[in-house]
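Q: Any chance you could fold what I've pasted below:
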Amino acid sequence: STAHGLLITSATLRDRTTGTEDDAEAAWDAAEERVGAQHLPSPAVRASLSSPFDYARQTRAFVVEDVAHDDPEALAAAYRSLFLAAGGGALGLFTAIARLRAVHRRIAPTLDDAGLPLYAQHVDALDNATLVDIFRTEIDSCLLGTDAMRDGIDVPGRALRLVAFERVPWPRPDILHRERRIHLSHGNASAYDDRIAQLRLRQAFGRLVRVRDDRGVFVLLDRRTPSRLFSAFPEGVVVERAGLADTVARVADFLKQDA
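A: This next block holds a predicted model:
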């Protein structure tokens, strides 16, 4: 038969399921709805391939519980401590440009004194591709960014060994989201919002392990993170809630093993 088009997307299109047949079917149905595959003249052919990575061994994940989300100084202090503990190779993600700029302004002098170059989307007069190229090349540099850095960069090796995210990436309540939620939530709006946040968290976590020998740590600086979102992370990854000081120490210890 003749194909009329081809869509290639990442593995984060589907929710992770508990393994039951009903959950797997629901995950596929939601994925097909999001891309409109149910409107094709013939049913989509489904295939799921397992990851070659051992995430339980290669990664660690933390939710920090003692950083005030509405305090720019506390948020900047958290990023500063984490970036220094990792010795660079850190990607800091934000859900708002204003908070990115506020953190950049506060941590840049300290990182410069430590010899860790800091680059930032929406601050440096460079396009995203150039920023990523520099970040990939300078193994101990740090990069701040928003959703374009969360979803679309590939930095294998030690150049990216820490991802720190300032908040759960809930969908913005704009008109497009409202209409999609009406038509795709099947009456369960909160579950639909959860699914979007989970897929975005999975994309962010996915920046860490790009090749078989990668190792890295994911840190979410949002103590309000509900545990139901933890299914965003690959099977075998145990998300631990901890204070900032404990998290910083464990980041340094885990990444030191790979130095």
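
Q: In the helix or strand bottoming out on mean pLDDT in the chain, which residues are buried?
A: Least confident helix or strand, the chain: helix 21-35 with a mean of 74, by mean pLDDT, DSSP states H and E. Along helix 21-35, these residues count as buried under the neighbour rule (16 or more other C-beta atoms under 10 Å): 24, 27-28, 30-32, 34. Placement of C-beta: from N, CA and C, glycine included.

Q: Next SSE downstream of that helix?
A: Downstream of helix 21-35, the first helix or strand assigned by DSSP states H and E is helix 55-58.

Q: elements contacting that next one?
A: Based on contacts counted as 3 or more C-beta pairs under 8 Å, 6 or more residues apart in numbering; DSSP states H and E, there is no element that helix 55-58 packs against.

Q: Okay, and the nearest residue to residue 65 once chain neighbours are set aside sits in which element?
A: What sits nearest to residue 65 in space, not counting adjacent residues and going by C-beta to C-beta, 6 or more residues apart in numbering, is residue 223, at 4.3 Å. For residue 223, there is no host helix or strand (DSSP H and E).

Q: Let me know the distance separating the most centrally placed residue in the chain from residue 233.
A: A centroid search over the chain (C-alpha atoms, centre = their mean) returns residue 204, at 1.4 Å, as the residue closest to the centre. Taking C-beta to C-beta, to the nearest Å as the measure, residue 204 falls 10 Å from residue 233.

Q: Check residue 252 too.
A: 21 Å.

Q: any common contacting residues for residue 204 and residue 233?
A: Here residue 204 and residue 233 have residue 218 as joint contacts, going by C-beta atoms under 8 Å, 6 or more residues apart in numbering.

Q: so where's the stretch 1-150 of the chain uncertain?
A: Along the stretch 1-150 of the chain, the parts satisfying pLDDT under 70 run over 1, 3-4, 7-24.

Q: all helices for it, in order.
A: Counting by DSSP state H, counting those that start in this stretch, the stretch 1-150 of the chain has helices at residues 21-35, 55-58, 72-86, 97-113, 128-137, 147-151.

Q: List the buried residues in the third one.
A: By neighbour count with 16+ other C-beta under 10 Å, helix 72-86 contains the buried residues 75-86.

Q: With the last one instead?
A: Buried residues in helix 147-151, counting neighbours by 16+ other C-beta under 10 Å, are found at 149-150.
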